[in-house]
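Trainee: take a look and give me a structure for this.
(one chain, ligands or ions: 5)
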Amino acid sequence: MKILLLMLLVGCADKSTSTVDTEAENTDASAIPDHPEDTGSDTHADSSVDYRSAKWCAECHPTQFSEWEQSMHRYAAHSPVFDHMAAKAFRDTAGATGTFCTGCHSPLGTMDGEPGTTMAADRSDISLEGVTCVVCHQAVSHSQPIGNTSIEIDLNAPMQGPFDDAVMLEHGSAKSELISSPELCGSCHDVFNFPGLRIEEAYTEYQESPAADMGIRCQDCHMGPEPGVPVERSIGKAAVVDGIQLPQRPISSHRFIGPDYSLIDNFPYADTAASSEAQEEMKTQIDTLLKNAVHITDVSTDEDPEQTTLNVVIENRTSGHNVPTGFTSERQLWVEVEVKEGDETVFVSGNLDADGDLRDHLSWSVIAGEAELDTQLVNFQSLNLLRVMDVSLGIPDVYETIFPFDADYIVRRSLAPLEARTLQYTLPPLSPEAQITVRLRYRNLPPYVLRALDLGDLVSRLHIFDIDEVVLGGTE
Ligand code: HEC
Ligand code: HEC
Ligand code: HEC
Ligand code: HEC
Ligand code: HEC
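Mentor: Ligands and ions are numbered 1, 2, ... in the order given. Model prediction:
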């Protein structure tokens, strides 16, 4: 059953096979210095595809290049979590996923015929560029439904950009509706394998959002100087070319800050020290993004002789889509509540078990009986559910799976755009000096996912972002 459905999905991805033509559009292409022929595609001398490597673009677009170089769009083809998860999806479906996963994470490698199980160490240079410049800037149209890499790439097209008066030197340029539209992003930021199992739907959520109504695009919140909010663009040069005076223009950031960051030493740079410094800086950007996304608006208690009710209001600040959005099956946004009377902790929810996991149904400590199930836990992560027939009872049982592709149903718990949700916790009766600390925390991946992918050694690299904190009572 599952294999059949995944085959449908692969068929769907295949439909959008990119337009590839061997005829070069620029007659002077041979004059281009450091042309990808001697960079990206050197390991594919027999390749019929004329790839333009980001390294070439870097000569005249150094800012766009250095931002993209650090971005998750390039990391897409370096990520060990992606490689291992794609390999697992391939195994779990007896190969039916084919190049579905890599088709989006490494579009040019896939166009060049790399198998879906190729890992970073074996990718060609152009494949390692992941979602590289030309994937967006030579996307000329999109198919329907939007999602599953529905963009069509024409590697001979002029560079598709936001300007209608670009100075043309080494490449043709054309103003494009698509490059400036949410449909470009939506082509990859909606991932589904059949109508019932939508793994990612940032674009679908956006379509129904107040931001879409107001005409605010993905590009406005994700390519401006501050991540997550639509602010005025910086002004600068779109290109830098010796001896040529180019106009000042509104320019965009190509960092595309999201909750992910590199979990490996040699990304974004081969030099480990430089990489680690860049990764730290990236975390400050992520912190800004998350603080622009969600906050605690109110904490109060209702006292009762029998019990105390703690009310916590969490509000999504963004009008763009749900929080979390995208890969919600693995994104943990949760509330930690700790109540202390003097030095004694009288209540706790949202704390971590010995393995660093939340005390939910996927915690090994809970399964092994070494930790108690956190029955009041509030986590906005999606639940991946699988219905299995219990043969002895003749009724369906529901299990939580670690991976969305092993589930047949995904329950979303994320906050809708601008939604304020009131949570209630039942606490024991409290003394007047009790101190209640409520924290809103975020982690891109749970440790149990890394362990299930045999990547347990990466757990220590995971970072928890503390987005907001409110303290009630206490003596200080
Ligand atoms: C994920 C898609 C994507 C990728 C990858 C990408 N760009 Fe862009 N780029 C855009 C979008 C979208 C805009 C226009 C933003 C807007 O409409 O506000 C843009 C704008 C530009 C512009 C116009 C000037 C500016 O900064 O706004 C240049 C030049 C450019 N990109 C070069 C590059 C280069 C070089 C690379 C690779 C190093 C690259 N882009 C990678 C999506 C992308
Ligand atoms: C030899 C220099 C050079 C190289 C190499 C180069 N560009 Fe450009 N590019 C320019 C110049 C010059 C402009 C025009 C800037 C202006 O008018 O402000 C430009 C403009 C653009 C625009 C804006 C087009 C528009 O109409 O809005 C995009 C997008 C772009 N380049 C992408 C790329 C990408 C992607 C690569 C690599 C595949 C690349 N460029 C390589 C010089 C270069
Ligand atoms: C060709 C497919 C493709 C297109 C087009 C594309 N993206 Fe992405 N994007 C990806 C992939 C794949 C990743 C995740 C890579 C990874 O971390 O493994 C990603 C990551 C991101 C992230 C970072 C998410 C994180 O978890 O940190 C943001 C933000 C983002 N994209 C925004 C955009 C926006 C905005 C656009 C349109 C201007 C866009 N993308 C266009 C494929 C695409
Ligand atoms: C009004 C501003 C706004 C708009 C419009 C917007 N976003 Fe976002 N986006 C945010 C904020 C804030 C976050 C951080 C919170 C989160 O992760 O959900 C975010 C996060 C993301 C992430 C990371 C999700 C995760 O948690 O893994 C992706 C991917 C993304 N956006 C893609 C898009 C795409 C694609 C569009 C357009 C279809 C879009 N966004 C439109 C503000 C916006
Ligand atoms: C249509 C495009 C598309 C396809 C197909 C796709 N992904 Fe992704 N993937 C994305 C985008 C976009 C993000 C970033 C989403 C976000 O931040 O919310 C992402 C993020 C991820 C991440 C988290 C980032 C990281 O590198 O750790 C993993 C892991 C991942 N995908 C694995 C897979 C696997 C496995 C498959 C195949 C079963 C797959 N993806 C298929 C677009 C795609």
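Trainee: burial of S276, as a residue count?
Mentor: Neighbourhood size, S276 [other C-beta atoms under 10 Å]: 13. The C-beta positions use only the backbone N, C-alpha and C, and glycine is treated the same way.
Trainee: hang on, I meant Q70
Mentor: Neighbours of Q70 (other C-beta under 10 Å): 24.
Trainee: list the contacts for the one residue in the chain that gets nearest to ligand 3?
Mentor: Per C-beta to the nearest ligand atom, G258 is where the chain lies closest to ligand 3, at 2.3 Å. Applying C-beta atoms under 8 Å, 6 or more residues apart in numbering, we find G258 in contact with M72, I286, L289, G326.
Trainee: Provide the backbone phi and psi angles at it.
Mentor: Per-residue torsions, G258: phi -140, psi -170 (degrees, to the nearest 10).
Trainee: ok, it to ligand 1 distance?
Mentor: 12 Å (C-beta to the nearest ligand atom, to the nearest Å).
Trainee: cool, C101 as well?
Mentor: Going from C101 to ligand 1 by C-beta to the nearest ligand atom gives 17 Å.
Trainee: surely that residue is in a helix?
Mentor: Yes. Counting by DSSP: H, G, I helix; E, B strand; the rest coil, C101 is found in a helix.
Trainee: okay, now it: neighbour count?
Mentor: 22.
Trainee: tell me how far it lies from L155.
Mentor: To L155, C101 is 22 Å away according to C-beta to C-beta, to the nearest Å.
Trainee: now swap in L455 and tell me
Mentor: Applying C-beta to C-beta to L455 and L155 gives a distance of 34 Å.
Trainee: which residues touch D304?
Mentor: Taking C-beta under 8 Å, 6+ apart as the test, what D304 contacts is P429.
Trainee: quick check on it: phi, psi?
Mentor: Main-chain torsions, D304, degrees, to the nearest 10: phi -150, psi 150.
Trainee: ok, back up a step: tabulate the contacts of G258 (CSV), appending secondary structure and distance to D265.
Mentor: Putting the contacts of G258 into CSV (DSSP: H, G, I helix; E, B strand; the rest coil; distance: C-beta to C-beta, whole Å) gives the following:
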residue, secondary structure, distance to D265
M72, helix, 17
I286, helix, 19
L289, helix, 24
G326, coil, 26
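Trainee: other SSEs contacting the helix or strand hosting K88?
Mentor: For K88, the host element (DSSP states H and E) is helix 80-92. Contacts defined by 3 or more C-beta pairs under 8 Å, 6 or more residues apart in numbering; DSSP states H and E place helix 80-92 against helix 100-105, helix 447-452.
Trainee: so which of those is the most surrounded?
Mentor: Mean neighbours per residue, mean count of other C-beta atoms under 10 Å, is largest over the helices and strands packed on helix 80-92 for helix 100-105, with a mean of 24.
Trainee: so is it next to ligand 3?
Mentor: Yes. Applying C-beta under 6 Å from any ligand atom, one finds helix 100-105 touching ligand 3 at C104, H105.
Trainee: check the offset of that helix from the chain's centre.
Mentor: 14 Å (C-alpha atoms, centre = their mean, to the nearest Å).
Trainee: run the contact check for that helix versus ligand 5.
Mentor: Yes. Among the residues of helix 100-105, F100, C101, G103, C104, H105 lie within reach of ligand 5 under C-beta under 6 Å from any ligand atom.
Trainee: cool, stretch 242-260 as well?
Mentor: Yes. Using C-beta under 6 Å from any ligand atom, we find that stretch 242-260 touches ligand 5 at G258, D260.
Trainee: now do the buried residues in that stretch.
Mentor: R249, I251, S252, S253, H254, R255, F256, I257, G258, P259, D260 (16 or more other C-beta atoms under 10 Å).
Trainee: next one: stretch 449-468
Mentor: V449, L450, R451, A452, L453, L455, L458, V459, L462, F465, I467, D468.
Trainee: for it, measure first residue to last.
Mentor: 25 Å (C-alpha to C-alpha, to the nearest Å).
Trainee: get me the contact residues on this protein for ligand 5.
Mentor: Contacts of the chain with ligand 5, taken as C-beta under 6 Å from any ligand atom, map to 79, 81-82, 85-86, 89, 97, 100-101, 103-105, 148-149, 188-189, 191, 200, 258, 260, 326-327, 405.
Trainee: domain parsing for this protein?
Mentor: 2-256, 258-292, 294-473 (automatic domain parsing).
Trainee: what does the helix or strand containing Y442 rub up against?
Mentor: According to DSSP H and E, Y442 maps onto strand 435-443. Where contact means C-beta under 8 Å, 6+ apart, the residues beyond strand 435-443 that reach it are 259, 290, 294-296, 299, 301, 310, 312, 314, 324, 331-341, 350, 430, 462-475.
Trainee: which of these are buried?
Mentor: Buried among these by 16+ other C-beta under 10 Å: 259, 290, 294-296, 299, 301, 310, 312, 314, 324, 331-341, 350, 430, 462, 465, 467-468, 473.
Trainee: filter the residues you listed down to the ones in strands?
Mentor: Members of the buried ones among the contacts of strand 435-443 lying in strands (criterion: DSSP state E): 294-296, 299, 301, 310, 312, 314, 332-341, 465, 467-468, 473.
Trainee: so which of the residues you listed also contact ligand 3?
Mentor: Among those, none lies close to ligand 3 by the criterion of C-beta under 6 Å from any ligand atom.
Trainee: lowest mean pLDDT across the domains of the chain, which one is that?
Mentor: Ranked by mean pLDDT, the domains of the chain bottom out at domain 2-256, with a mean of 84.
Trainee: hey, where'd the helices end up in the stretch 1-150 of the chain?
Mentor: When assigned using DSSP state H, counting those that start in this stretch, the helices of the stretch 1-150 of the chain occupy the ranges 2-15, 54-58, 62-70, 72-75, 80-92, 100-105, 107-111, 125-128, 133-137.
Trainee: now do the contacts for A120.
Mentor: A77, H78, S79, P80, D83, L128.
Trainee: between these, which has the most around it?
Mentor: That'd be A77 among the contacts of A120, by other C-beta under 10 Å, with 27 neighbours.
Trainee: chain neighbours aside, what residue packs nearest to that residue?
Mentor: Of all residues not flanking A77 in the chain, G130 sits nearest, at 3.6 Å (C-beta to C-beta, 6 or more residues apart in numbering).
Trainee: got it, and D302?
Mentor: T309 (4.3 Å).
Trainee: export the helices and strands packed on helix 80-92 to JSON lines and tack on distance to A166?
Mentor: As requested, these are exported to JSON lines (distance: least, C-beta to C-beta, whole Å):
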{"stretch": "helix 100-105", "distance to A166": "28"}
{"stretch": "helix 447-452", "distance to A166": "43"}
